[in-house]
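*Asks:* The following comprises the amino acid sequence and a computationally predicted model.
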Amino acid sequence: MSADFTHLHVHSNYSLLDSTIRIEDLVKVASNDKMSALALTDHGNMFGALDFYLYAKKYGLKPIIGCEVYLAPGNRFLRGNNTSGDEEVAPYATSRSGMNHLILLVQNEVGYQNLCKLVSSGFLEGFYYKPRIDKDILKEHSEGLIATSACLKGEVSNLCLIGDMDRAREAATFYRDLFKGNFYLELQQNGVPQQMLVNQRFQELSKELGIPLIATADCHYLNKEDAFAQEVLLAIQTGRTLEDPASHNVISDEFYFKPQATMREEFSHCPEAIANTMKIAEQCSFEFKFDDEKGKKIYHFPKFEPPGGKTAEQFLVDSAQLGLARILEEKEEIDQKPLSIEQRKKYQDRLEKELTVITSMGFTGYFLIVSDFIGMQKIMVFR
């Protein structure tokens, strides 16, 4: 059987306390089902991206890096008055929350860089209970990304659910235009009555606005029988016990990693939603670079900008020489006698040897960043 469906909405255990799926197990199951590609879209983070990529490559799958981001309805910098904690009570919770969900999938290098910027902004600028972005920063970093409407907590989904179709059209048009046609409406067969209503309205919007449909399963556990384990996780997340009726949010056991055959059968009435998952998979071609053209390892360190227009290597050498001079001076004070020329040469030779190793291995920036970090820590301690 050849692959004709790709899961594009999948959560791993990096969606903390919201998924029981371990990445290697996920990739093995996908490989055994003869899938050709697979996406990982954890809530608000990309913590599992590299592990997922490596395991997917190991098992012969095309990895699609993604994230289900939290989108603040207003400004991401605001706190308290425009959002709520939005507990991840269930992937299909339908209560109106202060945050909307949106799936973003990486197409290429530019898309990966943009998704990294968005996720980082969510933690550094928009964090309030959850890492949130907003539409302003989404506009700045939408290139190279494919977007889908996500679960019932997605903006378009929720507006369709409450019957506000004018605003649903407006929101859907915004995403369609922002992503230059690379925005899709998700259909799910999850046994939730509200989802069936949204599916119907999505098909109407698709025809009216020219927005394509995709089939997803919003996977939170590998097997159907794991639904109870998911319920336990959610109870832990919300601080409730299973004896508490309020903790029982699982009203369906359909949020599992469904085989291709099951997805084809469930969406036999809408085959284009299946076909479009493969279309998206073909558009995504991001690769992590671990080696250069000559096979030399590439190290991905943050870039250190030395002061005074110096190169990183020269700044490292100058800083190391100053540090050595200070240490040797302290040693002479402790020993109460000057060092001989031979002794100084021994230390100088050792320093030059270590600097040669550091620069030849490409670790210059790493050592400068660590040195800068340690220096800042000392300043903070002694203030």
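*Replies:* Looks like it came in fine.
*Asks:* CA atoms for contacts and neighbours, from now on please.
*Replies:* Noted.
*Asks:* Mind jotting down where the helices sit in this protein?
*Replies:* Using DSSP state H, the helices found in the chain span residues 23-32, 49-58, 109-124, 135-140, 155-161, 165-178, 193-209, 227-238, 260-266, 271-283, 312-335, 341-360, 364-382.
*Asks:* which one in the chain is furthest away from the centre?
*Replies:* residue 337 (58.2 Å; Cα atoms, centre = their mean).
*Asks:* re earlier: in a markdown table: the helices of the chain, plus mean pLDDT, mean neighbour count and distance to residue 295.
*Replies:* Rendered in a markdown table, the data for the helices of the chain read as follows (pLDDT from 0 to 100; neighbours: other Cα atoms under 10 Å; distance: least, Cα to Cα, whole Å):
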| stretch | mean pLDDT | mean neighbour count | distance to residue 295 |
| --- | --- | --- | --- |
| helix 23-32 | 98 | 18 | 27 |
| helix 49-58 | 97 | 18 | 18 |
| helix 109-124 | 97 | 20 | 20 |
| helix 135-140 | 98 | 14 | 35 |
| helix 155-161 | 97 | 24 | 46 |
| helix 165-178 | 98 | 17 | 39 |
| helix 193-209 | 97 | 16 | 47 |
| helix 227-238 | 82 | 18 | 44 |
| helix 260-266 | 97 | 16 | 38 |
| helix 271-283 | 98 | 18 | 27 |
| helix 312-335 | 93 | 14 | 23 |
| helix 341-360 | 94 | 13 | 15 |
| helix 364-382 | 71 | 13 | 20 |
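*Asks:* Dump these to TSV, plus distance to residue 251.
*Replies:* Written out in TSV, the entries for those read as follows (distance: least, Cα to Cα, whole Å):
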stretch	distance to residue 251
helix 23-32	23
helix 49-58	29
helix 109-124	30
helix 135-140	32
helix 155-161	18
helix 165-178	26
helix 193-209	10
helix 227-238	10
helix 260-266	19
helix 271-283	25
helix 312-335	58
helix 341-360	57
helix 364-382	49
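*Asks:* And the ones you listed: which comes nearest residue 217?
*Replies:* Nearest of the helices of the chain to residue 217, taken as Cα to Cα: helix 260-266 at 8.2 Å.
*Asks:* can you give me the offset of the closest one from its chain's centre?
*Replies:* 27 Å (Cα atoms, centre = their mean, to the nearest Å).
*Asks:* for stretch 344-358, same thing?
*Replies:* Between the mean C-alpha point of stretch 344-358 and the mean C-alpha point of its chain there is a distance of 42 Å (Cα atoms, centre = their mean).
*Asks:* Could you list the alpha-carbon positions for it in PDB?
*Replies:* Taking Å, rounded to 0.1, in the frame of the first residue of the first chain, the C-alpha atoms of stretch 344-358 are listed here in PDB:
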ATOM      1  CA  ARG A 344      55.800  32.200  31.700                       C
ATOM      2  CA  LYS A 345      56.600  30.500  28.300                       C
ATOM      3  CA  LYS A 346      55.100  27.200  29.600                       C
ATOM      4  CA  TYR A 347      51.800  29.000  30.400                       C
ATOM      5  CA  GLN A 348      51.900  31.000  27.200                       C
ATOM      6  CA  ASP A 349      52.500  27.900  25.100                       C
ATOM      7  CA  ARG A 350      49.600  26.100  26.800                       C
ATOM      8  CA  LEU A 351      47.300  29.000  26.200                       C
ATOM      9  CA  GLU A 352      48.100  29.200  22.500                       C
ATOM     10  CA  LYS A 353      47.600  25.400  22.100                       C
ATOM     11  CA  GLU A 354      44.100  25.600  23.700                       C
ATOM     12  CA  LEU A 355      43.100  28.600  21.700                       C
ATOM     13  CA  THR A 356      44.200  26.800  18.500                       C
ATOM     14  CA  VAL A 357      42.000  23.800  19.400                       C
ATOM     15  CA  ILE A 358      39.000  26.000  20.300                       C
END
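*Asks:* Lovely, talk soon.
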